[in-house]
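Novice: Give me a model of this one.
(chains A, B, C and D)
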Protein chains: 4
Amino acid sequence: MYSFKNDYSEGAHPSILEALAKTNLEQTEGYCEDHYCEKAKTYIKHAIGVENIDIHFFVGGTQTNLTALSAFLRPHEAVIAVDSGHVCVHETGAIEATGHKVIALAGHEGKLRACDVESAVASHTDEHMVKPKLVYISNSTEIGTIYTKAELTALHTICRQYNLLLYVDGARLASALTSKANDMTLKDLTLLSDAFYIGATKNGALFGEALVITNDILKADFRYHIKQKGGLLAKGHLLGIQYMTLFQDSLYFDLGQHANDMADLLRTGIAKAGYNFLTDAPSNQIFPIFPEAIVTALETQYAFYRWSSTPDSTAIRLVTSWATKEEEVLAFISFLNTLN
Amino acid sequence: MYSFKNDYSEGAHPSILEALAKTNLEQTEGYCEDHYCEKAKTYIKHAIGVENIDIHFFVGGTQTNLTALSAFLRPHEAVIAVDSGHVCVHETGAIEATGHKVIALAGHEGKLRACDVESAVASHTDEHMVKPKLVYISNSTEIGTIYTKAELTALHTICRQYNLLLYVDGARLASALTSKANDMTLKDLTLLSDAFYIGATKNGALFGEALVITNDILKADFRYHIKQKGGLLAKGHLLGIQYMTLFQDSLYFDLGQHANDMADLLRTGIAKAGYNFLTDAPSNQIFPIFPEAIVTALETQYAFYRWSSTPDSTAIRLVTSWATKEEEVLAFISFLNTLN
Amino acid sequence: MYSFKNDYSEGAHPSILEALAKTNLEQTEGYCEDHYCEKAKTYIKHAIGVENIDIHFFVGGTQTNLTALSAFLRPHEAVIAVDSGHVCVHETGAIEATGHKVIALAGHEGKLRACDVESAVASHTDEHMVKPKLVYISNSTEIGTIYTKAELTALHTICRQYNLLLYVDGARLASALTSKANDMTLKDLTLLSDAFYIGATKNGALFGEALVITNDILKADFRYHIKQKGGLLAKGHLLGIQYMTLFQDSLYFDLGQHANDMADLLRTGIAKAGYNFLTDAPSNQIFPIFPEAIVTALETQYAFYRWSSTPDSTAIRLVTSWATKEEEVLAFISFLNTLN
Amino acid sequence: MYSFKNDYSEGAHPSILEALAKTNLEQTEGYCEDHYCEKAKTYIKHAIGVENIDIHFFVGGTQTNLTALSAFLRPHEAVIAVDSGHVCVHETGAIEATGHKVIALAGHEGKLRACDVESAVASHTDEHMVKPKLVYISNSTEIGTIYTKAELTALHTICRQYNLLLYVDGARLASALTSKANDMTLKDLTLLSDAFYIGATKNGALFGEALVITNDILKADFRYHIKQKGGLLAKGHLLGIQYMTLFQDSLYFDLGQHANDMADLLRTGIAKAGYNFLTDAPSNQIFPIFPEAIVTALETQYAFYRWSSTPDSTAIRLVTSWATKEEEVLAFISFLNTLN
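Specialist: Okay, the predicted model is just below:
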């Protein structure tokens, strides 16, 4: 049964495995202090086009989020996020476990608007309430939408105005930045945020998230926090080698592009078959709406998540990735067409 | 320059890399719910010879320790450990960061004795002090010593008497259990502790620690804790495949044996050359004492840590591993002999 | 300027001050282990009519809530509360600071319904989300409404069904239980909840909240938690003497009754003057709605909080207490009538 | 049975009770924003002789310590304290519960020396260990000794050198500053520390600790921390009135002097009777050593704590206070003399 459940079902892109195999018996420094990590950082800085940043490698996204947010905040400070945000829902209270409230706001197509941030700040008036300090967004969002440069700029501006930090969860950044709807560069993102991460677990690596800290104030002592939260990988060179491979040429973006191409193919085929979508998501997650009978029939051949339902229909989530095979997408469309 | 700095300088045993490559493009369930993890658990249970245990896979040791200890303890409960213990010194306060005091006791050859535990319990008399609840030990210890079955039994007994939990950090368990001085089996360890972990990062895997929970009371909801602390690996099958490879036959123990054999070779050669040792450590860490001039000379050819020093001499730490090459050990001994 | 801002503007009921003065130079045991605390507990148990409960005295409500909730929950467990709940909004993230998410639900007249709890449980499906474990309600609520026995019984039943704890914040319990709309006894509350507290700071004491733990499982080691969170009062007899005075006869309820009587007087006068109310609150907080000009005029003579506003009108909060003087209430009504 | 167990056995100095009674029915602002708190701060600043400080009132010492230390530290930063320090032993892990390790060092007569701090800093070398950031001392110490100005200056200097904060727990500051052995003023203490508190619970108040923050960097948003940790007293004027009473004239110091005078009387009498002391403590705690038979006999008439014992003798702790009666001290000495 072919799976469209998520973008981390397979292992790594072959060139990553190859690089790991080739360097396997070399002795390296532990804890990301090896020369591969150094080289990977150089490549990433080159890809971004900004030098004055700190880069730290993590194994997973929840680990990255909880380490960064707890390092950046004082005890009374809180996070602002959309209520569908990963830190709000799907990290088992990881941020709260480090002591910080996450203020959940209703999203607009999964996104936070500058005016939402402003309202949240306005409603937190004194020391009997937490102090909003960090705005958390994901790009792409949990429902596949992406931020435009104008939207991110507006968030950046409001954050500067109210002395807030802007943090971007980039678990699916490759898909966001290579989406047809995207008008932002890595450099834009770097200049508009205080920190963000470049996700690779969902874009061709065995694992890996590269946290980029752009705000000087947040840089000091950061490795202490990684170690304390259990995120400092002993064989750190594994992260270095993977990111080196992804960023020594355009592989990171090529893989995101492939995921998007496969999503486009799916989207077009489903639309042509006459179905609508829950959201107008231009990245590697799509949310078609089918009659329940169609969903049941699809489930006999494909793995995916049911997302939401009404009495008449069910929205499902289909996720493509760097590893999605075109023939499987075409087969899905064909099968769907047989169900009409 | 050849390194004896630690046992995590290289990648993975070739058969592990091979297994990862072979399964690379298979689609699997995420978060350690795949069939490789299931199979790995079956193999481990078989190796242990006990069925009624829960096994959870982690990427690293600090992550394992902090997740387990915070899951097992209520807020007022504390950990007892030797002052050289990993959780006391080398985890950047990870346990305290989850809210729990670590009561540091002086060790005896790096080990905790039952009588030490009893004293610690006796000196914590009321609710103005923390309540000791969990005894943390490492096998092998931070200075390479190992626990005998009698010593562990004594700790187990005192823990039962005072309603304490006994937790064993097994980052270097392979070396401990295959040491010439060892008289314990994996089954003994399982029956005598409430939880322990089988370390693989330092024994041939790219990464991996398998937490074994033997006490039924500690089992409930454990995966919530892993997720909350950022330790649930998205591509969990990577852990399953590695442990499957290590435990489908005797590879895990063979690798530990090799590390010990190499340490024995080093130890014998150094002793024959006329030097003493800081501790009588029968596992893969040895602590020879040299005149400062010898240490300086060794440093021109080898990487290792200086451990402690007196005006007259310096103790260094030499660590061998599954990857240590016999010819490099012999070369080290030869070089040492040229320095006399 | 007379204040209707809150119910903790004055000191203590004179009989409490008298009792404190009378016993002032007696030597007593510290930390609530004195005979006054013992006696107070006996009186409270008698007032409740249940013997098998544990009682602990605290200085303030946030302290009580954070100590109890953090003691009762394991790290991955979360609190369910209405979004206007004190722990959600007005405790500066105190619960999150102990590591626990507070799941905020929309309230119905400030109250949580059993069906709301059921939905919250249903939407938390696996270990990627927190596990709802404790339902937090206030009686009376933040907007002055109170729970009926039927409502509390429904919550109790749903909590038992889903293995949740039911916790009642009783900062304004005296007013709730002596409200004309109330049909519950202290004994009902005790039998229907796992823990609750009997607030005195807002009902005639200098300070004091008496936490009642009814669920045996939650009782063990509780004093450790009070001490750890900084809530164990050195001169604990001050709490004992105050609760003794409040519960040796009907004083606690008499003071609540007075607060309600004064609120009734205010409510009737305002209604008679032709104004409506934001909520139909039958306790010591009322929320009349006035044209902005009236509010501005009232502010020249009285202190109170503005609660919410529309372009046309402003709702204010008026709070009465054990200390509110009838002549001041009458004067307020008279003044209001001059403003029409 | 007369008690020398501690200095918080009685209520408050009569003039404090009187002031509370006199102002009892006044309406005041809550949460320490009333005019009594303002006046108290003015008096304290006058007594100190430094204007540029922030003052916050707390109910108890553990509350003060945990709020201040958690507010001042980032997650990876640790506290340095002597192993007999209150935060090390007698606060049920309150500091660890906020996430911070307390590094316990052996004390010298209960005190920390600058060289001890320097060693602790030197042994914490990298991000695998916590980062020492705040030095916690008590004056007087847990065993009644006090810091000289030279000692505190040395600590201040070493702290500046290593970018550490210096925090002084002043639970028994009144006794320390009025000891015959003292050569420091409140102003010295203010200029040499980053924060300290002026304890009143043990010096004549019903309760109260006034935290003085001298370091500008530590001042921002501090009230958020007090509220979050449950320490913001609703009827804050109770703290204001007490401190106003203590500092409007020399009462605070007079009460400390009385405690010391009573301790001197005890000390002299015991020495004259031929007994030695465990420590040479010049404040209101003394630690005489008696044969076990004498201790047993004293216990028939007096309450006190046994401190430590050898096969031959037992050291007990006798504590005097503002409330200790001279006739009781004389009676104790007389009784002791009958036991020889």
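Novice: Give the burial count for the closest residue to residue A:269 other than its chain neighbours, as a bare number.
Specialist: In this structure, residue A:269 finds its nearest non-sequential neighbour in residue A:333, 3.4 Å apart by CB to CB, 6 or more residues apart in numbering or on different chains. Just so you know, the C-beta spots here come from the backbone N, C-alpha and C atoms, and that holds for glycine as well. A count of neighbours around residue A:333, defined by other CB atoms under 10 Å in any protein chain shown, yields 17.
Novice: likewise residue A:225?
Specialist: Neighbours of residue A:225 using other CB under 10 Å come to 24.
Novice: Pull the contacting residues for residue A:138.
Specialist: Neighbour list for residue A:138: A:85-86, A:110, A:168-172 [criterion: CB atoms under 8 Å, 6 or more residues apart in numbering or on different chains].
Novice: closest to chain C among those?
Specialist: residue A:86 (9.6 Å; CB to the nearest CB).
Novice: can I assume the closest one is in contact with residue A:65?
Specialist: Yes. Using CB atoms under 8 Å, residue A:86 makes contact with residue A:65 at a distance of 7.2 Å.
Novice: Looking at these two, which is more packed in?
Specialist: Each of residue A:86 and residue A:65 has its neighbours counted (other CB under 10 Å); residue A:65 has more, 28 against 21.
Novice: Could you double-check that residue A:232 sits in contact with residue A:31?
Specialist: Yes. Using CB under 8 Å, residue A:232 is in contact with residue A:31, at 5.1 Å.
Novice: Which of these two has more residues huddled nearby?
Specialist: Per other CB under 10 Å, whichever of residue A:232 and residue A:31 has more neighbours is residue A:232, with 28 against 19.
Novice: wait, is that one part of a strand?
Specialist: No. Residue A:232: not assigned to a strand; according to DSSP: H, G, I helix; E, B strand; the rest coil it is coil.
Novice: care to break chain A down by domain?
Specialist: A:2-7+A:252-339, A:14-249 (automatic domain parsing).
Novice: Make JSON lines from those domains and add mean pLDDT to it.
Specialist: Listed next are the domains of chain A as JSON lines, based on pLDDT from 0 to 100:
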{"stretch": "domain A:2-7+A:252-339", "mean pLDDT": "97"}
{"stretch": "domain A:14-249", "mean pLDDT": "98"}
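Novice: Mean neighbour count, those domains: which tops it?
Specialist: domain A:14-249 (a mean of 22; mean count of other CB atoms under 10 Å in any protein chain shown).
Novice: Just the endpoints, please. Distance across it?
Specialist: 15 Å (CA to CA, to the nearest Å).
Novice: which bits of the stretch 151-300 of chain A sit near chain D?
Specialist: A:221, A:223-228, A:232 (CB under 8 Å from any CB of the partner chain).
Novice: Among those residues, which ones are in helices?
Specialist: Counting by DSSP state H, these place A:223-228 in helices.
Novice: how about residue A:167, secondary structure?
Specialist: strand.
Novice: close enough to count as contact, it and residue A:152?
Specialist: No. Between residue A:167 and residue A:152 there is no contact under CB under 8 Å: 11.9 Å.
Novice: Just give me the residues shared between the contact sets of these two.
Specialist: residue A:193.
Novice: Next up, the contacts around the residue nearest to residue A:269.
Specialist: A:265-266, A:269-270, A:273.
Novice: do residue A:23 as well
Specialist: A:36, A:237, A:241, B:11.
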